[in-house]
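Please find the sequence and the predicted model below.
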Amino acid sequence: MSVLLVGEGREYLRERGETLETDLGVLDVPEDAEPGDTLETHLGTAFEVRALRGPDLFEHFERTGAPMMPRDVGLIVGHTGVAGGDRVLDVGTGTGVLSAYVGRMGASVVTYEQDADFADVARENMALAGVEDAVDVRTGDATEHVDELREDAPFDVLTLDTADAPALVEHAPDLLADGGFVAVYSPFVEASRDVVETAREVGLSEIETLETIQREMDFDDRGSRPSTAGVGHTGYLTFGRLV
């Protein structure tokens, strides 16, 4: 299992038993290194050992594109109530941040990634996150495996981050457990409209679309105000429920 080594304003990810080599010195990570331990390089630089948590995975996963932001993951978790013991179908794995988060929460995840190379990277990321047994990364187009997914159903939550999301929302009544949720991430508002229309057509309820946006605050001697670095828009999240 990997651990984080944090010191001198830097952060390194290493396996127990591996060696860290930097200009700050050489450090052999003990096999029994535990979070909270302090290790020193041969030059005397101290590094604190930390366990990986969700935000760390976002920073250290190998990326195959723009990963889902932690704030978007938080909205999905908060609006669907996904929890330990739930079964989740996640379509559009990408880097795998969402699958890893909910897998670490104790949910069982089936996730589809169309690109075989991306799927391989996602499997490596799931191993890094320690959820390879909880997250089943499948290669393929989920729209071509609907019959197979019906056999796997019911799922408690269906999460979609894919251009053909409406085609899967169409099958939500066959895939979801009663009371289950759909959560769809879309980078463009036009795509969200298509999802909403499909959700209405198949009889989902509690349909809502939220723009995901955050503003970081700046605090200095002059005063406090939102950062001028940008408004922090990422996309749109549409939710619906089968009742």
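Cool, got the structure.

Spatially central residue for this structure, please.
Centroid-nearest residue in the chain, with C-alpha atoms, centre = their mean: residue 98, separated by 1.9 Å.

Wait, a strand at that one?
No - according to DSSP: H, G, I helix; E, B strand; the rest coil, residue 98 belongs to no strand; its state is helix.

Which strand in the protein has the most residues?
When the chain is scanned for its longest strand (criterion: DSSP state E), the result is strand 176-186.

quick one: the helix or strand just after it to strand 176-186, angle?
Using DSSP states H and E, the helix or strand that follows strand 176-186 in sequence is helix 189-201. If you take axes from the mean of the first three to the mean of the last three C-alpha atoms, to 10 degrees, helix 189-201 sits at 160 degrees to strand 176-186.

Give me the buried stretch members for helix 189-201, please.
Neighbour-count burial for helix 189-201, counted by 16 or more other C-beta atoms under 10 Å, picks out 191, 192, 194, 195, 196, 198, 199. The C-beta positions use only the backbone N, C-alpha and C, and glycine is treated the same way.

helices or strands up against the least confident helix or strand in the chain by mean pLDDT?
Between all helices and strands in the chain, the lowest mean by mean pLDDT, DSSP states H and E belongs to helix 54-60, at a mean of 89. Judged by 3 or more C-beta pairs under 8 Å, 6 or more residues apart in numbering; DSSP states H and E, helix 54-60 is in contact with strand 10-15, helix 70-80, helix 97-104, helix 116-129.

who are the neighbours in contact with residue 158?
88, 89, 91, 168, 172, 175, 176, 180, 181, 182, 183 (C-beta atoms under 8 Å, 6 or more residues apart in numbering).

After the helix or strand containing it, which helix or strand is next? Please name it.
If you go by DSSP H and E, residue 158 is part of strand 155-160. Proceeding N to C from strand 155-160, the next assigned helix or strand is helix 165-169, under DSSP H and E.
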